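Enquirer: Any chance you can model this:
(2 chains)
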There are 2 protein chains.
Amino acid sequence: MLYLIGLGLSDETDITVKGLAIVKKASRVYLEAYTSILLVDQSVLEAYYGRPIVVADREMVESNSDEILRDAATVDVAFCVVGDPFGATTHTDLVLRARELGIAVATVPNASIMSGIGAAGLQLYNFGQTVSMVFFTETWRPASFYDRIRENRSIGLHTLVLLDIKVKEQSLENMARGRRIYEPPRYMSVGTCAQQMLEIEEEKGEGVYGPDSLAIGAARVGGKTEKFVAGTLKELCDADDALGPPLHSLVLLGRRTHELEHDYVRQFAVNRETWDRIWKADYEGKN
Amino acid sequence: MLYLIGLGLSDETDITVKGLAIVKKASRVYLEAYTSILLVDQSVLEAYYGRPIVVADREMVESNSDEILRDAATVDVAFCVVGDPFGATTHTDLVLRARELGIAVATVPNASIMSGIGAAGLQLYNFGQTVSMVFFTETWRPASFYDRIRENRSIGLHTLVLLDIKVKEQSLENMARGRRIYEPPRYMSVGTCAQQMLEIEEEKGEGVYGPDSLAIGAARVGGKTEKFVAGTLKELCDADDALGPPLHSLVLLGRRTHELEHDYVRQFAVNRETWDRIWKADYEGKN
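Expert: Now for the predicted structure:
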């Protein structure tokens, strides 16, 4: 059997009791480690599970999934995913491949950033589609998020923006020379995200959002040091120190808001006067 | 400290290791039991936790929250919520009240139907806002879901429809006579939901969806007996036997689909030929 096991958002104790029992007994344990990370190291997980873990990078999952599925028709394989197995990414292809091979699949759900973000105080009912933001380079500035945010905002909805993580990336030079040397991991911050969003608005000029649009920066959601900072996109460009270490996410507010949400979120505001003023002028009752 | 603890979607072992440790040590343990249910009885939870549980109904949470929060500045109170504490519903008001009283609050996230539904095989990225469907009566047929689904479909997105549960409801007669006698619990099925959706389309006639629109019925998501049935809304009107016992949810497909999703979901189809034909004609590449 192939088990897809969600690990939740923060540390080794966020696994469910059901998931832990499976991990402890499985023949092999993999950790998918390229779409998100926990806030603790692999060694902490291994000590807690009492099991060695094979880290599955993108290459292994996408090109060598038969190794992960080896013998899984007869033995149990635990494929652990940070968050929920079907949350911020999907592993549909792995499951389809398992099915082709006649391997049974079971899923152990867990918290996902897509629901965990509710702790910021906005009703999850009023979120539209989720978008991703990647690190811009000089030559590559993918901005499909812009149109998706426009769609969400056109119907009053909030947008959760998931931020890029770069793990096991090679420099162009090392890649060209075939050297398996990897750059240190990089995690996008709310400040970088807000900055990139404003750059794209500047380029496109279609007024989907602007420097005064309200947003919430989120850090380490679901963890003990979870932190939210609310402010304008301009304010959030400088909120990285207040937010602290990765992982970060961002929520761009839609206009479909409720008074309770205002009361709840304003406690996180960089500047409560600014927050109240813009909320009243541009959001409240504007749906 | 007030702890909001997610219990996950299915049984007593879906609590996280972190959540279980808090429940075992808390001075009082409440179970919020009116927005969703687990698939096991309270007695199973009590045996598993080794603790008595106070069931918190809507009246207690909304009108008597100070009882829940009693002494929580000095002792630990665990408020357990099926799914994620901020998932399908929010308990923002309880948290705001705690804050007024100077009580610290911590959240232990868990799986929510909003992410767990990913197991149906559709990318969570392409879901729009979530809607709720209540049991219609002769005089009360709230249809705000219709406009929300229109908004989602206008931009190609899927819609998760959460289905009504009625627990601790009084009949009008018992209510009028002040008798605290409650009706047996009722859980809306996919069949009822699909039927009600078609009735509203019939009334409004705006073509937001129709009998041939594709949808997925989901039962007991995240549990061992999880079941999906895919088909047209008309087909899903008769899918309750195939889906089995509660809880049910429904996903109405948007046009933003991917070939992998087609391959994945068609395995659940009532009739694969119908599914393939309508997918090709009305969905694939129509975004």
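Enquirer: so where does residue A:23 fall, helix or strand?
Expert: Using DSSP states H and E, residue A:23 sits in helix A:17-25.
Enquirer: Would you mark the buried spots in the biggest helix by length in chain A?
Expert: Secondary structure assigned by DSSP state H gives helix A:190-204 as the longest helix of chain A. By 16 or more other C-beta atoms under 10 Å in any protein chain shown, the buried positions in helix A:190-204 come out as A:190-198, A:200-201. (Glycine included, C-beta is placed from N, CA and C.)
Enquirer: by contact count, what packs against that helix?
Expert: strand A:131-133, helix A:144-154, strand A:159-163, strand A:214-219, helix A:233-236, helix A:240-243, strand A:248-252 (3 or more C-beta pairs under 8 Å, 6 or more residues apart in numbering or on different chains; DSSP states H and E).
Enquirer: let's see it at 7 Å
Expert: helix A:233-236, helix A:240-243, strand A:248-252 (3 or more C-beta pairs under 7 Å, 6 or more residues apart in numbering or on different chains; DSSP states H and E).
Enquirer: and the stretch 101-250 of chain A, which of its residues are near chain B?
Expert: A:107, A:109-112, A:114-116, A:118-119, A:121, A:123-130, A:151, A:155, A:157, A:222 (C-beta under 7 Å from any C-beta of the partner chain).
Enquirer: try 6 Å
Expert: Residues of the stretch 101-250 of chain A found near chain B (C-beta under 6 Å from any C-beta of the partner chain) are A:107, A:109-112, A:114-116, A:118-119, A:123, A:125, A:128-130, A:151, A:155, A:157, A:222.
Enquirer: quick one on the thing from earlier: tabulate the CA atom coordinates of the helix holding residue A:23 in CSV.
Expert: Below are the C-alpha coordinates for helix A:17-25, written out as CSV (Å, rounded to 0.1, in the frame of the first residue of the first chain):
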residue,chain,number,x,y,z
VAL,A,17,-1.8,9.9,15.5
LYS,A,18,-3.0,7.8,12.5
GLY,A,19,-0.2,9.1,10.3
LEU,A,20,2.5,8.5,13.0
ALA,A,21,1.4,4.9,13.4
ILE,A,22,1.7,4.2,9.7
VAL,A,23,5.1,5.9,9.5
LYS,A,24,6.4,3.8,12.4
LYS,A,25,5.4,0.6,10.7
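Enquirer: How about it and chain B, touching?
Expert: Yes - counting by C-beta under 6 Å from any C-beta, contacts between helix A:17-25 and chain B involve A:17-18.
Enquirer: Name all residues that make contact with residue A:23.
Expert: Residues counted as contacts of residue A:23 (C-beta atoms under 6 Å, 6 or more residues apart in numbering or on different chains) are A:29, A:49, A:78.
Enquirer: Can you report how many residues lie near residue A:279?
Expert: Residues within reach of residue A:279, counting by other C-beta atoms under 10 Å in any protein chain shown, total 20.
Enquirer: what do you get for residue A:259?
Expert: Residues lying near residue A:259 (other C-beta under 10 Å) number 9.
Enquirer: if I pick residue A:260, what's in contact with it?
Expert: Applying C-beta under 6 Å, 6+ apart to residue A:260 gives the contacts residue B:92.
Enquirer: State the distance from it to residue A:142.
Expert: Plainly put, residue A:260 is 36 Å away from residue A:142 if you go by C-beta to C-beta, to the nearest Å.
Enquirer: Low-confidence stretches in the stretch 1-150 of chain A?
Expert: A:87-90 (pLDDT under 70).
Enquirer: pLDDT wise, what is the closest residue to residue A:135 other than its chain neighbours at?
Expert: Nearest non-adjacent residue to residue A:135, counting by C-beta to C-beta, 6 or more residues apart in numbering or on different chains: residue A:164, 5.0 Å away. We have a pLDDT of 94 for residue A:164.
Enquirer: Now do the contacts for residue A:164.
Expert: Contacts for residue A:164 (C-beta under 6 Å, 6+ apart) come out as A:134-135, A:188.
Enquirer: quick one, strands of chain A?
Expert: Taking DSSP state E as the test, the strands found in chain A are A:2-6, A:28-32, A:54-56, A:77-81, A:105-108, A:131-133, A:159-163, A:165-166, A:186-187, A:214-219, A:227-232, A:248-252.
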